[in-house]
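[1] just the structure for this:
(chains A, B, C and D)
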2 protein chains.
Amino acid sequence: MPTIKEVSALAGVSLATVSRVMNGSDRVKEETKARVRRAMEELGYTPNSAAQSLASNRSNTLGMVVSWLDGPFYGPVMSGVEEELRRYNKHVIIASGHGDAEQERDAVNYLKARQVDGLILLTECLDQDYLNKLSDELPIYLINQHYDGLDKRNMFLDNEGGGYAATKYLIEQGHTKIVCAAGQAHKQDARERVMGYRRAMEEHGIPYTEDYIEHTVFDLPGGLAAMHLFEQKGIEFTAVTAGSDEMAIGVLEWAKQHHLTVPDDISVIGFDNQLVANYVSPRLTTMDFPAYDMAKACARMAVHEIYHKKEPNGFEFKPTLVVRNSVAPPKA
Amino acid sequence: MPTIKEVSALAGVSLATVSRVMNGSDRVKEETKARVRRAMEELGYTPNSAAQSLASNRSNTLGMVVSWLDGPFYGPVMSGVEEELRRYNKHVIIASGHGDAEQERDAVNYLKARQVDGLILLTECLDQDYLNKLSDELPIYLINQHYDGLDKRNMFLDNEGGGYAATKYLIEQGHTKIVCAAGQAHKQDARERVMGYRRAMEEHGIPYTEDYIEHTVFDLPGGLAAMHLFEQKGIEFTAVTAGSDEMAIGVLEWAKQHHLTVPDDISVIGFDNQLVANYVSPRLTTMDFPAYDMAKACARMAVHEIYHKKEPNGFEFKPTLVVRNSVAPPKA
DNA sequence: TTGTATGCGTTATCAT
DNA sequence: ATGATAACGCATACAA
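    Residues are numbered from 1 along each chain as shown, chains lettered A, B, ... in the order given. Got it, this is the predicted structure:
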């Protein structure tokens, strides 16, 4: 492995000059710059990142904590972060928190010990207090999580707008009896999606009561449970806005149990556009969650702020409607 | 951040001694060892990994190249590797090859430039020649990929046994007219699973012809395509062994198109036990692919060999049957 | 614009 | 069993 020293010898300059050329030219004469570059080429030089880190007190590495490495949502996010960082010649160390508060804090500590230059968090169990203290120590960026003191380092989804769009689509198809099967009431995204549902109903002058809304859990059994609750309450409906694709699949299940056909007898719209949405039958109409794009944007923002002293600017992403086969106009 | 120097001062020993205590053993008197440990505790000392790397010429990091960060299969693998390495206080840098030969090589180069101590590969596009040269440069470990010169650093699945077990289960349920919808013929795992199918049929004295086997693609349309081919050939069957869960879902789709009920009219068994297998209706009976365990074993083996000079010992994993609702005895 | 010198925190080689 | 001390490869303050 060639070092900066050999490069400097070959190019006939000092170590410092080579270093300058690498770190995006301070002021170096174009000519010598070229000479150094050529020497680097010739030797196949690649910088030793450990030495760089030690000397600069920077690891050129961001840490990323995700709740799960294998959830359907995290693949695209990790993919986006990794790709974007690689573009800037930084890297990412990923640690999993396993959806547990203590382990998530462990993961953070682990990454801090690795002297990461910043932290990208896609977690569920870290509270504001903790994040507060943490952000005093190093820059942290939140994906899909609101945090009052940090709105500039925050990338999140317009859940309200998504809920609105989903419901509006159902309305445009002619539905008026629309129930809302939502996720855990304590989760902000679940609540926001419901807000969107409400706004859509209200803006279109469609009456509904609180009985039309059930908060259960963001998964298949949750969807099923919500439907059973609607059923018990004797509510009539022709369409369901589900809080997630998994819940929507629970609705599909329920329909099947009752020998109802989707979308002929009942329409369902999901949320997230997970991989599974494409594999169930009928394929789910749903709101696409641009997780990959969010992740890329987040990584880019982090790089710019940490390494290039730019200002952060959090960003809100809009989900988009993906029309497939689980929604149709109501039967006359 | 406290350094080794401060620790040595507080403990009243030299730098070297502290270093010895950290790096396990050497011979240090228990008493001083304890004193040093206490000093580390007190200061909340954590080693600077960049300095360690620089001095030891080791990064304590393994590189991992996966074809995709977001495929359903890779989550558990990354999860397993990450967890296991963290246990040993090593880490992993993950790079994605995007299923493209050039990008996979790029990813390898990127990681080599990061001076990783070894490489875990879960790739599809790197050929034997390339791997040959690569393994001269640094230790490489292969997950789910055969490589003749490297069978000791190889973790793979007993695909043949899996195909056998799946088919045998169908046979035990009373089926005899069993077709095999397999993945790409050029993929070794696809072929091996078919071998298992053959062996099961033969061992049970059940006649079948080459027409009972179709190689298409490991995905939903592939499953659908295979079924259409069987249909065109006018083959009668009561059960299908699919090469993957996605293909099995294609079979489900096909059954639906023909107003056939699974498992009443036709039985289907998948392979992989992906997340989706639980979300389709009926839930898929399938062979579980222990990706997580394989990944853990691979990481452990790599750590032992690279950092503790142990001998590698590749390992073969057995898939296990997961009984759900897509298989039933044939109708009388 | 370029070169010199120092230090980053650790490991490892010698001593003792 | 422990201590001095020289690397490791690079960044950077300071000098020229």
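
[2] give me the nearest residue to the residue nearest the centre of chain A, chain neighbours excluded.
    Centroid-nearest residue in chain A, with CA atoms, centre = their mean: A:Ala291, separated by 4.1 Å. Counting by CB to CB, 6 or more residues apart in numbering or on different chains, A:Ala291 lies nearest to A:Pro76, which is 4.4 Å off, once chain neighbours are set aside. Bear in mind the C-beta positions are built from the backbone N, C-alpha and C, glycine included.

[3] B:Asp70 is in contact with that neighbour, correct?
    Yes: counting by CB atoms under 8 Å, A:Pro76 sits close enough to B:Asp70 to count as a contact (5.0 Å).

[4] where in the stretch 51-200 of chain A is pLDDT low?
    In the predicted model, the stretch 51-200 of chain A carries pLDDT under 70 at residues A:151.

[5] quick check, A:Glu236 in a helix?
    No: according to DSSP: H, G, I helix; E, B strand; the rest coil, A:Glu236 belongs to no helix; its state is coil.

[6] quick check, pLDDT for it.
    Model confidence at A:Glu236, expressed as pLDDT, equals 96.

[7] mind listing what it touches?
    Under the criterion of CB atoms under 8 Å, 6 or more residues apart in numbering or on different chains, the contact list for A:Glu236 reads A:Lys177.

[8] check the one 3 residues further on too.
    A:Ala239 makes contacts with A:Leu170, A:Gln173, A:His175, A:Lys177, A:Ile178, A:Val179, A:Ile266, A:Ser267, A:Val268, A:Ile269, A:Val327, A:Pro330, as judged by CB under 8 Å, 6+ apart.

[9] what of A:Pro282?
    A:Leu252, A:Val262, A:Pro263, A:Arg324, A:Asn325, A:Ser326.

[10] hmm, try it at 6 Å
    Under the criterion of CB atoms under 6 Å, 6 or more residues apart in numbering or on different chains, the contact partners of A:Pro282 comprise A:Val262, A:Asn325, A:Ser326.

[11] out of those residues, flag the one nearest to DNA strand C.
    Taking CB to the nearest atom of the strand as the measure, DNA strand C sits nearest to A:Ser326 out of these, at 56.7 Å.

[12] now that closest one: how far from B:Gly162?
    33 Å (CB to CB, to the nearest Å).

[13] repeat for A:Val194
    Shown here: A:Val194 relative to B:Gly162, a distance of 44 Å by CB to CB.

[14] so those two - more neighbours on which side?
    Ranked by neighbour count (other CB atoms under 10 Å in any protein chain shown), A:Val194 and B:Gly162 place B:Gly162 first, with 27 against 24.

[15] about what we covered before: tell me the phi and psi of the residue nearest to the centre of chain A?
    Taking degrees, to the nearest 10, you get phi -60, psi -40 for the backbone angles of A:Ala291.

[16] what about it, distance to DNA strand D?
    Noted for A:Ala291: a distance of 33 Å to DNA strand D, by CB to the nearest atom of the strand, to the nearest Å.

[17] could you do A:Arg199 as well?
    50 Å.

[18] strands of the stretch 201-332 of chain A, start to end?
    For the stretch 201-332 of chain A, the strands identified by DSSP state E, counting those that start in this stretch occupy A:213-215, A:239-242, A:267-269, A:286-288, A:315-317, A:320-322, in order along the chain.

[19] adjacent strands (with direction) for the first one?
    The reference is to strand A:213-215. strand A:178-182 (parallel) (DSSP bridges).

[20] quick one: contacts of the strand it pairs with?
    With contacts defined as CB under 6 Å, 6+ apart, strand A:178-182 is touched by A:170, A:190, A:194, A:197, A:212-215, A:223, A:226, A:230, A:237, A:239-243, A:247.

[21] repeat for stretch A:48-58
    Identification of contacts with stretch A:48-58 by CB under 6 Å, 6+ apart yields A:Ser59, A:Asp117, B:Ala50, B:Ala51, B:Ser53, B:Leu54, B:Arg114.

[22] could I get these as JSON lines with secondary structure, distance to DNA strand D and neighbour count?
    Compiled in JSON lines, these are given as follows (DSSP: H, G, I helix; E, B strand; the rest coil; distance: CB to the nearest atom of the strand, whole Å; neighbours: other CB atoms under 10 Å in any protein chain shown):
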{"residue": "A:Ser59", "secondary structure": "coil", "distance to DNA strand D": "12", "neighbour count": "24"}
{"residue": "A:Asp117", "secondary structure": "coil", "distance to DNA strand D": "12", "neighbour count": "19"}
{"residue": "B:Ala50", "secondary structure": "helix", "distance to DNA strand D": "8", "neighbour count": "25"}
{"residue": "B:Ala51", "secondary structure": "helix", "distance to DNA strand D": "7", "neighbour count": "16"}
{"residue": "B:Ser53", "secondary structure": "helix", "distance to DNA strand D": "9", "neighbour count": "21"}
{"residue": "B:Leu54", "secondary structure": "helix", "distance to DNA strand D": "4", "neighbour count": "19"}
{"residue": "B:Arg114", "secondary structure": "coil", "distance to DNA strand D": "12", "neighbour count": "19"}
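
[23] by contact count, what packs against the helix or strand hosting A:Ile120?
    Element membership of A:Ile120 [criterion: DSSP states H and E] is strand A:118-122. Using 3 or more CB pairs under 6 Å, 6 or more residues apart in numbering or on different chains; DSSP states H and E as the contact criterion, the neighbours of strand A:118-122 among helices and strands are strand A:61-66, strand A:140-143.

[24] residues contacting the helix or strand following it, please?
    Toward the C-terminal end, the helix or strand that comes next after strand A:118-122 (DSSP H and E) is helix A:128-137. Outside of helix A:128-137, the residues within contact range by CB under 6 Å, 6+ apart are A:Ile140, A:Tyr147.

[25] quick one, domains of chain A?
    Under the assignment automatic domain parsing, the domains of chain A span A:4-52, A:61-158+A:291-320, A:159-289.

[26] roughly how far is the second one from the heart of the chain?
    Okay, so that is domain A:61-158+A:291-320. Taking the mean C-alpha point of domain A:61-158+A:291-320 and that of its whole chain, the gap between them comes to 9 Å (CA atoms, centre = their mean, to the nearest Å).

[27] start to end distance for that domain?
    Looking at domain A:61-158+A:291-320, the gap from its leading to its trailing residue is 32 Å under the measure CA to CA, to the nearest Å.

[28] one more: the first one?
    The distance separating the two terminal residues of domain A:4-52, taken as CA to CA, comes to 11 Å.

[29] ditto for the last one
    Counting by CA to CA, the length from the leading to the trailing residue of domain A:159-289 is 9 Å.

[30] can you give me how far that domain is from the chain middle?
    Centre to centre, stretch against its chain (CA atoms, centre = their mean), the figure for domain A:159-289 is 22 Å.

[31] quick check: pLDDT value at the nearest residue to A:Phe73 once chain neighbours are set aside.
    Counting by CB to CB, 6+ apart, A:Phe73 lies nearest to A:Ala291, which is 6.0 Å off, once chain neighbours are set aside. Turning to A:Ala291, the model gives it a pLDDT of 92.

[32] could you report the distance from A:Ala291 to A:Leu142?
    When distance is defined by CB to CB, A:Ala291 is 14 Å away from A:Leu142.

[33] A:Val217 now?
    According to CB to CB, A:Val217 and A:Leu142 sit 23 Å apart.

[34] tabulate the CA atom coordinates of stretch A:101-119 in PDB.
    Extracted as PDB, the C-alpha positions of stretch A:101-119 are listed here (Å, rounded to 0.1, in the frame of the first residue of the first chain):
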ATOM      1  CA  ALA A 101     -35.000   1.200  24.300                       C
ATOM      2  CA  GLU A 102     -32.000  -0.100  26.100                       C
ATOM      3  CA  GLN A 103     -30.600  -1.800  23.000                       C
ATOM      4  CA  GLU A 104     -31.100   1.400  21.000                       C
ATOM      5  CA  ARG A 105     -29.200   3.300  23.500                       C
ATOM      6  CA  ASP A 106     -26.500   0.600  23.400                       C
ATOM      7  CA  ALA A 107     -26.300   1.000  19.700                       C
ATOM      8  CA  VAL A 108     -25.800   4.700  20.100                       C
ATOM      9  CA  ASN A 109     -23.000   4.200  22.600                       C
ATOM     10  CA  TYR A 110     -21.400   1.700  20.400                       C
ATOM     11  CA  LEU A 111     -21.400   4.100  17.500                       C
ATOM     12  CA  LYS A 112     -20.200   7.000  19.700                       C
ATOM     13  CA  ALA A 113     -17.200   4.800  20.700                       C
ATOM     14  CA  ARG A 114     -16.500   4.400  17.000                       C
ATOM     15  CA  GLN A 115     -16.300   8.200  16.900                       C
ATOM     16  CA  VAL A 116     -18.800   8.600  14.200                       C
ATOM     17  CA  ASP A 117     -19.100  12.200  13.000                       C
ATOM     18  CA  GLY A 118     -22.900  12.100  13.200                       C
ATOM     19  CA  LEU A 119     -25.800   9.900  13.800                       C
END
